[in-house]
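Visitor: Below are the sequence and a predicted model for it; my questions follow.
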Amino acid sequence: MPHKLTLLLILILLLAACAQPTQGEILRATQTSAPPEETAAPLNESWWGESVFYEIFVRSFYDSNANGIGDFNGITQKLDYIESLGVTGIWLMPIFPSPSYHGYDVTDYYAVNPQYGTMDEFKNFVNEAHKRGIRVIIDLPLNHTSDKHPWFIESKNPNSPYRNWYIWNDKDPKYNGPWGQDVWHPSQSGYYYGIFTAQMPDLNYRNDEVSAEMLNVTRYWLEEIGVDGYRLDAVKHLVEQVQNQQNTIDTHIWLKKEFYPTVKAASPNAYTVGELFGDDLNTILAYTKGKQFDSAFHFQLAEAIVKSINLQNASYFSAMQALTEKTLQPEMYAPFLTNHDQDRVMNQLFNKVERAKLAAFLLLTSSGAPFIYYGEEIGMTGKKPDEDIRRPMQWTPQQNAGFTTGRPWRAPAKDYEFINVEFQQAEETSLLNHYRALIHLRSEHAALSAGALTLLETGNPSTYAALRITDEETLLVLANLSDETVSDYSLKLESAIHAADVQTLFGNDKASAPQGGEYKPFPALAPNAMYILELK
């Protein structure tokens with residue numbers, strides 16, 4: 001009997017101990033909110049860690065109602081095509097009402113551009129994308145509005161409560177912007193600040209009402225509409241400090257203390273990617289490590305890819321990769337080739353398809369969450385002005401490239417009769433099917449997105465090689481950037497890697513197995529050869 005009492009007493013004590021809160025539970029109970037640094041999961045624990053994104057200009061993608069303008073229903077109709085690419089994220093350029101064709105000057109942050117459709121049609125597009133496992137992020141121009149926005153029209157009255165929503169001065173301060181442009185614009189009631197154009201007046205984030213309203217906008221699209229995040233346009237220009245007009249301390253503070261916590265509170269898994277055109281890796285680090293947004297576009301890496309391919313010298317790309325690896329975590333940057341503000345990559349690569357394939361290969365075997373500009377996958381061309389790098393998507397060789405049965409807002413490029421989706425679907429070796437194969441391979445092999453990157457010496461400047469390693473697999477990425485056959489190369493493995501077998505995941509040839517030290521998987525590399533090998 002006594003031993004039963006003893007056991008009962010022990011059981012009671014154990015239950016009492018389990019009921020006591022732990023030190024961590026006590027700490028959490030006394031905290032009113034988590035600090036911004038703890039609100040975002042690392043990239044590889046979030047959905048975008050394994051994503052490839054596709055950038056779309058709605059006006060130019062597909063017209064469903066024959067009015068010559070792309071629309072939400074048009075994108076919805078083309079979701080099967082987007083899904084077939086293997087991409088799992090879409091970035092839409094601005095979808096708000098706007099007096100301009102591009103939409104970066106917004107007149108209403110709580111509505112959609114009626115030329116693109118209704119809010120219900122947009123919601124249907126988002127729902128249909130989600131059914132296919134595709135997330136949707138939208139362009140969010142926080143820095144400025146349109147000069148046609150009701151807020152700005154009201155602010156022209158010096159006595160209006162909206163006067164302080166923008167940056168006004170009675171006299172011209174007489175200084176220019178970061179690239180020498182006029183930033184102070186005259187009106188009948190004074191001079192107003194707009195870093196881009198007179199049609200895009202900057203909002204005044206020193207006004208608490210402005211800050212609160214734009215945070216409401218941020219919450220609205222996440223909570224009420226269901227988008228999955230934002231591309232942050234011109235984000236480095238948010239808060240000016242007199243003539244210091246980019247990357248100011250006050251910009252960092254607002255993003256860290258106001259914007260980022262608001263995003264994560266509204267949607268913990270939302271993804272935010274910033275545009276920091278012209279800035280270096282340390283600037284990206286300051287924003288992303290500081291938890292001001294999740295990642296930033298890597299413009300320097302894009303330039304390095306194009307330069308390495310055009311000069312047939314891998315060192316520019318590999319050097320930028322090495323510097324990136326030392327400075328940033330993969331979750332902090334988004335690689336790409338070109339976007340809606342740049343001459344299309346096909347033009348930069350002198351219209352050579354093999355170079356375009358190499359560019360896609362380097363992009364889609366890199367760390368980070370890569371972005372593809374619509375039409376890039378079929379080799380669409382276009383040089384500035386901007387309208388010509390945002391022309392209609394080329395679907396078929398029929399009239400207007402199959403984009404519309406009406407009169408297109410902008411004529412397609414003249415090459416649409418032989419550069420289009422329909423032709424390339426059927427051609428096994430087309431650029432389109434090259435992109436598809438790489439994107440699907442990236443989704444099937446986590447090492448290509450989440451694996452540690454080790455660059456390898458090759459002994460030949462035109463040969464690029466890198467290992468992508470996880471606990472489960474080791475992949476070798478190998479490319480000859482030259483137009484000529486290369487035989488004088490050899491890979492220097494930093495450690496003795498032995499493999500019983502080598503499987504070719506991408507490429508046509510069977511490779512020999514490494515035995516540690518020097519490694520030459522093929523006797524020679526054909527011109528523009530590309531391989532992904534799994535070392536088993």
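Guide: Happy to help now that I have it.

Visitor: Quick one: the helices in the stretch 201-350 of the chain, in order.
Guide: 208-220, 249-254, 260-266, 281-289, 299-311, 315-327, 345-348 (DSSP state H, counting those that start in this stretch).

Visitor: closest to G451 out of those helices?
Guide: helix 315-327 (12.0 Å; C-beta to C-beta). Placement of C-beta: from N, CA and C, glycine included.

Visitor: if we can go back for a sec, mean neighbour count, mean pLDDT and distance to V126 added to the helices of the stretch 201-350 of the chain, as JSON lines?
Guide: Listed next are the helices of the stretch 201-350 of the chain as JSON lines, based on neighbours: other C-beta atoms under 10 Å; pLDDT from 0 to 100; distance: least, C-beta to C-beta, whole Å:
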{"stretch": "helix 208-220", "mean neighbour count": "16", "mean pLDDT": "98", "distance to V126": "14"}
{"stretch": "helix 249-254", "mean neighbour count": "17", "mean pLDDT": "96", "distance to V126": "28"}
{"stretch": "helix 260-266", "mean neighbour count": "20", "mean pLDDT": "97", "distance to V126": "16"}
{"stretch": "helix 281-289", "mean neighbour count": "18", "mean pLDDT": "94", "distance to V126": "26"}
{"stretch": "helix 299-311", "mean neighbour count": "21", "mean pLDDT": "97", "distance to V126": "28"}
{"stretch": "helix 315-327", "mean neighbour count": "17", "mean pLDDT": "96", "distance to V126": "32"}
{"stretch": "helix 345-348", "mean neighbour count": "23", "mean pLDDT": "98", "distance to V126": "28"}
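
Visitor: Can I get those helices in TSV including distance to V183?
Guide: Below are the helices of the stretch 201-350 of the chain laid out as TSV (distance: least, C-beta to C-beta, whole Å):
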stretch	distance to V183
helix 208-220	18
helix 249-254	16
helix 260-266	27
helix 281-289	21
helix 299-311	23
helix 315-327	31
helix 345-348	30
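
Visitor: closest to Q199 out of those?
Guide: Across these, closest to Q199 is helix 208-220 (C-beta to C-beta), at 19.0 Å.

Visitor: Show me what the closest one is packed against.
Guide: If you count contacts as 3 or more C-beta pairs under 8 Å, 6 or more residues apart in numbering; DSSP states H and E, helix 208-220 packs onto helix 260-266.

Visitor: try 10 Å
Guide: strand 135-140, helix 249-254, helix 260-266 (3 or more C-beta pairs under 10 Å, 6 or more residues apart in numbering; DSSP states H and E).

Visitor: Output the ones you listed in TSV; the columns should cover distance to W91.
Guide: Below are these laid out as TSV (distance: least, C-beta to C-beta, whole Å):
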stretch	distance to W91
strand 135-140	5
helix 249-254	22
helix 260-266	16
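
Visitor: and of these, who's closest to V227?
Guide: Across the helices and strands packed on helix 208-220, closest to V227 is strand 135-140 (C-beta to C-beta), at 5.3 Å.

Visitor: CA atoms only: put that closest one into CSV for me.
Guide: C-alpha atoms of strand 135-140 as CSV (Å, rounded to 0.1, in the frame of the first residue of the first chain):
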residue,chain,number,x,y,z
ARG,A,135,1.4,33.3,-55.2
VAL,A,136,0.8,36.8,-56.3
ILE,A,137,2.7,39.9,-55.3
ILE,A,138,1.8,43.4,-56.5
ASP,A,139,3.8,46.5,-57.2
LEU,A,140,3.3,49.1,-54.4
